[in-house]
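Chemist: Mind folding the following:
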Amino acid sequence: MVNLLYCGNEKVFDGILTSLLSAVKRDPSRDSFHVYVFTMDLTRLNPAYTCISDRLISFLDGVMKSYNPESKVEKIDVTELYESTMGHSPNEGAYCSPYTLIRLLADLVPNMPDRLLYLDTDIMFNRDIHLLYEQPFNGAEFAAANDHYGKYLINPRYINAGVLLFDMVKCRETGLFAKSRDWINKKKLVFADQSALQRACTKKRLLSQKFNDQKFLHKSTVVRHFSKRLFWLPYPHTDNIKQYHVEKVHKVFRYHQFDDILDEYLVLKAKYEGEA
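Modeler: Numbering: from 1, shown residues only. Here you go, the predicted model:
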């Protein structure tokens, strides 16, 4: 079984659905998946910061069970945990949504598995997920790939936290998550939880860029991360093209490797919206 963690609010439908479809459709073994979805109500900050609905979770659960009946999508409301541990911290208004912070609660949620793969909702699997999921830890708390820009601008070993394979046993031993929450609470950090994890980490294993490619798609790429990136033409600018922006994926990136996934996503999205 593959254990995945996503975090977000009601707005993450497109991202989680396309990401999950890529995971199952690129898995030749048709393995079972236990998908944990951390969510919370933070409408005190923003009216849009609502919990993911049970209806959405049920729909995703049905999609995953259509590939393997043993798969499961589970919603975990961490509102109370968040408010009691990181509520009103200096990083609530960071560059990214506060929903990225709640992965730092994984040690406080009961019955989480010993091996856990955290994924941002803007990633797609280009190859078998087990190539990443079965990577050895070699004594590290987590395994991750470089941040494409950070490895040049910050530190050669600076990691991108959009794809994190956690050894939860080791993380509990070292107190990785508790130390990260301490950083979140005491100081405003440039990259919030990503910076906190970097500072709190005792030992990390650096993976090849193919496990979190934030700029290119090669034949060897396992994970394509559709994060915000710099474009030089027709003039220097940034754009935040996600995998579910189908027209731009075709026109700007000229990708068609994900067409089978995106075609199914569009059918399922129409079904979900039609049942509303």
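
Chemist: Please, where are all the strands along this structure?
Modeler: Per DSSP state E, the chain carries strands over the ranges 2-7, 33-39, 72-77, 115-119, 123-125, 142-145, 163-167, 204-207, 223-225, 229-231, 237-239.

Chemist: remind me, longest helix of this protein?
Modeler: Secondary structure of the chain read by DSSP state H shows that its longest helix is helix 259-274.

Chemist: What is it packed up against?
Modeler: If you count contacts as 3 or more Cβ pairs under 8 Å, 6 or more residues apart in numbering; DSSP states H and E, helix 259-274 packs onto helix 13-25, helix 54-67, helix 246-251. In this view, the C-beta of every residue, glycine as well, is placed from N, C-alpha and C.

Chemist: got a list of contacts for it?
Modeler: Contacts to helix 259-274, defined as Cβ atoms under 8 Å, 6 or more residues apart in numbering, come from residues 13-14, 17-18, 21-22, 25, 56, 59, 63, 124, 243-244, 246, 249.

Chemist: Could you point out which residue ranges in the stretch 101-250 of the chain have low pLDDT?
Modeler: Counting by pLDDT under 70, the stretch 101-250 of the chain has low-confidence residues at 148-154, 156, 229-239.

Chemist: list the buried ones in stretch 180-196?
Modeler: By 16 or more other Cβ atoms under 10 Å, the buried positions in stretch 180-196 come out as Ser180, Arg181, Asp182, Trp183, Ile184, Leu189, Phe191, Ala192, Asp193, Gln194, Ser195, Ala196.

Chemist: That stretch: end-to-end distance?
Modeler: 5 Å (Cα to Cα, to the nearest Å).

Chemist: Now do that stretch: distance to the chain's middle.
Modeler: Computed by Cα atoms, centre = their mean, to the nearest Å, the chain-centroid distance of stretch 180-196 equals 18 Å.

Chemist: same thing with stretch 96-116?
Modeler: 11 Å.

Chemist: cool, stretch 265-276 as well?
Modeler: 23 Å.

Chemist: quick check: mean pLDDT across it?
Modeler: The pLDDT scores in stretch 265-276 average 92.
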